[in-house]
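In: Model the following, please.
(chains A, B, C and D)
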Number of protein chains: 2
Amino acid sequence: MSAESSEAQAGASPQRSQSRLRVAVIDRDPGFLQVLTNRLDALRWDHRALSSAVTAEVLVAMRLNALVVDVAVLGPGSWEYLERVCARLPGLAVIVCTGPSSVVQRVRGLRLGADAWVTKPCHPEELICVMEAAVRRHRRTEMPALEAAANVGEITIRPDLYQAYRGTASLELTAREFEILHLLVQSDRVLRREEIYERVWGYAMAHGDRSVDVFVRKLRQKLRTASPEWSYIHTHFGVGYRFAPEADNGRVHEDDERQEAAAPDVADLEADVIDEAPGLDPAFAS
Amino acid sequence: MSAESSEAQAGASPQRSQSRLRVAVIDRDPGFLQVLTNRLDALRWDHRALSSAVTAEVLVAMRLNALVVDVAVLGPGSWEYLERVCARLPGLAVIVCTGPSSVVQRVRGLRLGADAWVTKPCHPEELICVMEAAVRRHRRTEMPALEAAANVGEITIRPDLYQAYRGTASLELTAREFEILHLLVQSDRVLRREEIYERVWGYAMAHGDRSVDVFVRKLRQKLRTASPEWSYIHTHFGVGYRFAPEADNGRVHEDDERQEAAAPDVADLEADVIDEAPGLDPAFAS
DNA sequence: TTGCGTGTAAAGATCCTGTTACTGGAATCG
DNA sequence: CGATTCCAGTAACAGGATCTTTACACGCAA
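Out: Below you'll find the model as predicted:
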């Protein structure tokens, strides 16, 4: 453990984090906050210290990547709070950083949805690494923003322009509309409303929320105006929506290249099913 | 933090993990392995102990959800190994569980891609919670929890479309009908009505409720219409229902390899500790 | 045979979705 | 800076699809 130091330093620098993260810290320990704040400043992360719990709604509005919280600050009801926050913001990395605790407490915290439990006193660098580790996955799959344009039916999706076109004419989609369309096109399967909401809005859908329906309607309207001969978004009653370009005569549009599993076409239903492919587990392949 | 204990017990139980996880442990400490193995057995997770590092390729073949590794076992080159594994399997939850370490080491491990760093000695339950937390986060973004289509008799089940087909013809199942069919197909055994109801509806069945019977009737009707030569759902008087494709001549349809992940086969439940660097174990590397 | 569990059927209650209208706030423009 | 336009989100309604309940007939088991 001697040569580690220099190596660690070297290994630490490459590609710190992709970009500035937004972090909130719920804590009251001045020393802890001071040290951590300095470190976060140096990293140029957006951060904010809170001296007490704020509602999940406020956290939603903050658009955070990670939340560090000392359960001791929350007092009674801390578990319920933790659970509520984790449930409401499934995409938020929640790290509990607090003083000595029992195994039972730690187990409970993690089970309620926390991503990590760090015991004080702790080195700020370590806490930051834990935050990065928790946030890392989330970004990995979220980042592939620069995708190629895709042709679906008569429509062209341009992720780089955040817009869809029929030939050269823009559909004039709003940001949200485009995100939903893009998600549906990429998924190529039935998506439940909750799924759509969570991946587009970034937090859990409230019970009874009809936003997704309304946006789907707006999307359909613009798609119909631009490409009247086709239908694109299909409703699965009791489930959700699915994207599949389909000409009015009923013929399904054969999708050129895109990924294999792509075609939810009824056409190749009987053909493909995974009888072969001995080494591959169909559940994981693709 | 005093009356927490009892609360923790209560809060810990609800909804353990979605399903059986596949875990590998690279460690040599007999005591540690013994305790952890017992816990994993109780949870019915697929697990395997490795006494030394295996190549990333082998890990890929194991299709793991999580990997627990004691860097001390790896010896020199442990950092490179950790980095290689994390890079090669971005979807794998990697937890380092080892003896006392320096902040620098922990920082380095996390920075290289590990999801968590647990210090021995540790409570097995806590380690398991850390695994769950790490896997939870992975699954969130790794939506492709898509199950493969399954062929049963003349019917094709398409979980991605929430629908069943006979060739290219949809059975036009409603969402609930499909869920029940899907559950029966996956279970591959007799399910009591209460079991079906609870897993589909999400809450306990009221005494005297006949909903399941009615849905089974609807299912049978649609299955019979689509595939008259076969019988699929069998009644076990006084017990419940069981799915088994069976041709009219009485011959039972031998189910080849279809839904792998689907069937919680007792076969790969027994994961024994293997001391030698293993080749491919049929239980793991399909 | 009797008693209980299951198959069958239909009507009513309930839930789900498409649609429209409206409000508050953000962004844009003059 | 104020006015205007645009957008996200909410509420409400109607029509339709689905689910639950109820009733009765049938068949299995003791």
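In: Show me the helices in the stretch 151-286 of chain A, by range?
Out: Ranges of helices within the stretch 151-286 of chain A are A:175-187, A:193-201, A:211-226, A:269-272, based on DSSP state H, counting those that start in this stretch.
In: how about the ones you listed in CSV, adding mean pLDDT?
Out: Formatted as CSV, the helices of the stretch 151-286 of chain A follow (pLDDT from 0 to 100):
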stretch, mean pLDDT
helix A:175-187, 93
helix A:193-201, 90
helix A:211-226, 93
helix A:269-272, 38
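In: Deepest in the core, which of those is it.
Out: Comparing those by mean neighbour count (mean count of other CB atoms under 10 Å in any protein chain shown), helix A:175-187 comes out on top with a mean of 20. (C-beta placed from N, C-alpha, C; glycine too.)
In: can that helix be found next to DNA strand D?
Out: Yes. Helix A:175-187 comes into contact with DNA strand D (CB under 7 Å from any atom of the strand), by way of A:Ala175, A:Arg176, A:Glu177.
In: For the stretch 101-250 of chain A, which residues score under the pLDDT cut-off?
Out: A:138-146, A:249-250 (pLDDT under 70).
In: what does it put close to chain B?
Out: Within the stretch 101-250 of chain A, the positions near chain B by CB under 8 Å from any CB of the partner chain are A:101-108, A:110-116, A:123, A:125-126, A:129-130, A:132-134, A:136-138, A:140-142, A:187-190, A:195, A:236-239, A:242.
In: Just the buried ones out of those residues, please.
Out: Buried members of those, scored by 16 or more other CB atoms under 10 Å in any protein chain shown, are A:101, A:104-108, A:110-116, A:123, A:125-126, A:129-130, A:132-134, A:136-138, A:187-190, A:195, A:236, A:239, A:242.
In: Out of those, list just those in helices.
Out: A:104-108, A:110-111, A:125-126, A:129-130, A:132-134, A:136-138, A:187, A:195 (DSSP state H).
In: picking that back up, could the helices of the stretch 151-286 of chain A be laid out in a markdown table, adding distance to DNA strand C?
Out: As requested, the helices of the stretch 151-286 of chain A are exported to a markdown table (distance: least, CB to the nearest atom of the strand, whole Å):
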| stretch | distance to DNA strand C |
| --- | --- |
| helix A:175-187 | 10 |
| helix A:193-201 | 7 |
| helix A:211-226 | 4 |
| helix A:269-272 | 23 |
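In: okay, those helices in CSV with distance to B:Glu147 next?
Out: Converted to CSV, the helices of the stretch 151-286 of chain A look like this (distance: least, CB to CB, whole Å):
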stretch, distance to B:Glu147
helix A:175-187, 15
helix A:193-201, 15
helix A:211-226, 23
helix A:269-272, 15
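In: which residues does the nearest residue to A:Gly238 once chain neighbours are set aside contact?
Out: Once flanking residues are discounted, A:Gly238 sits nearest to B:Ala175: 3.3 Å by CB to CB, 6 or more residues apart in numbering or on different chains. Shown in contact with B:Ala175 (CB atoms under 8 Å, 6 or more residues apart in numbering or on different chains): A:His236, A:Phe237, A:Gly238, A:Val239, B:Tyr162.
In: filter the residues you listed by proximity to DNA strand D?
Out: For DNA strand D, the contacts drawn from these by CB under 7 Å from any atom of the strand are A:Phe237, A:Gly238.
In: Need the max-distance pair from the contacts of B:Ala175.
Out: The largest separation in the contacts of B:Ala175, counting by CB to CB, is between A:Phe237 and B:Tyr162 at 9.6 Å.
In: dump the residue contacts of the residue of the stretch 101-250 of chain A found nearest chain B.
Out: Nearest residue of the stretch 101-250 of chain A to chain B (CB to the nearest CB) works out as A:Gly238 at 3.3 Å. Shown in contact with A:Gly238 (CB under 8 Å, 6+ apart): B:Thr174, B:Ala175, B:Arg176.
In: for A:Glu154, same thing?
Out: By CB under 8 Å, 6+ apart, the residues touching A:Glu154 are A:Arg166, A:Gly167, A:Ala226, A:Ser227, A:Glu229, A:Trp230, A:Pro245.
In: Give me the neighbour count for the residue nearest to A:Val152 when sequence neighbours are not counted.
Out: Leaving aside its chain neighbours, A:Val152 sits nearest to A:Pro245 (4.7 Å; criterion: CB to CB, 6+ apart). Look at A:Pro245: counted by other CB atoms under 10 Å in any protein chain shown, it has 20 neighbours.
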